[in-house]
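> everything below, folded, please.
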Amino acid sequence: MLDTELLSRTPSRALDVVTPLGDVRFAVRVGGWDVPARPELTWGLDSGSRLCRWRHRSVRLDVLSGPTKAEQPGVTRETVIFRVLAREALSEFVVQAELAAPPPDVRGGEGAFTAATADAVVSVGGPGAEMLLHCSRTGQHVPPYWSGQLADAVRLDGARLTWQLPGVERGDYAELWVTVAWSGPDGDPGRAVDIDPGRVLRELAQ
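From the prediction side, this is the model:
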């Protein structure tokens, strides 16, 4: 993802994104391996983002995360991009994003949800099944052999999103992105989680 020889090491911490309505927490499972909350290695980038790495005999997981510029005024946004590189054939790639203590008002859609109180609005989202299918067919971000296996890949349960993705063949890679955006009670952060992953990746990698 990036040349780590040019980066500075920083202390490791969990991937949680802190919002006005509480933390958005992430859980990852790759090929039956439950990825620890804290990365093995972490580097800082000039953009203010960080690159986190976990290593396992069957996979390397890199996660690039940090603030990105939202087009909507008054909206703060952070994006987390997960990238698995398969050292052995992997049976699954699962990413879960959950608002830890959601308010009663939570509305969901395809690959996203929005939680609101009288003080703030928080939206969490990533690619829906149609977006993943498009990426698979065009050879972007995910393997082309995923195209027939994505019908039930994205699940929403209240304030928890789960991407239950297919396996990854040895030597191949797959990427998934999750965006968290928030604003005051009159804002519209829901539109900010619908991102161009390539553009945001370049922004984070600066």
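
> could you pull out the buried residues of the helix of greatest length in the chain?
In the chain, ranked by residue count with DSSP state H as the criterion, the top helix is helix 129-138. Of the residues in helix 129-138, those scored as buried under the neighbour-count criterion (16 or more other Cβ atoms under 10 Å) are Met131, Leu132, Leu133, Cys135, Ser136. For glycine as for every other residue, the C-beta is placed from the backbone atoms N, C-alpha and C.

> could you do stretch 162-179 as well?
Result for stretch 162-179 [16+ other Cβ under 10 Å]: buried residues 162-163, 165-168, 172-179.

> out of those, list just those in strands.
Filtering those for membership in strands, criterion DSSP state E, returns Thr162, Trp163, Leu165, Tyr173, Ala174, Glu175, Leu176, Trp177, Val178, Thr179.

> check the gap between the last one and Pro11 for me.
To Pro11, Thr179 is 24 Å away according to Cβ to Cβ, to the nearest Å.

> equivalent analysis for the first one, please.
Remark: distance between Thr162 and Pro11 (Cβ to Cβ) = 29 Å.

> same deal with the second one?
Between Trp163 and Pro11 the distance, using Cβ to Cβ, works out to 28 Å.

> roughly how far apart are the residue lying closest to Arg191 once chain neighbours are set aside and Gly190?
Once flanking residues are discounted, Arg191 sits nearest to Gln72: 5.8 Å by Cβ to Cβ, 6 or more residues apart in numbering. Here the distance between Gln72 and Gly190 works out to 9 Å (Cβ to Cβ).
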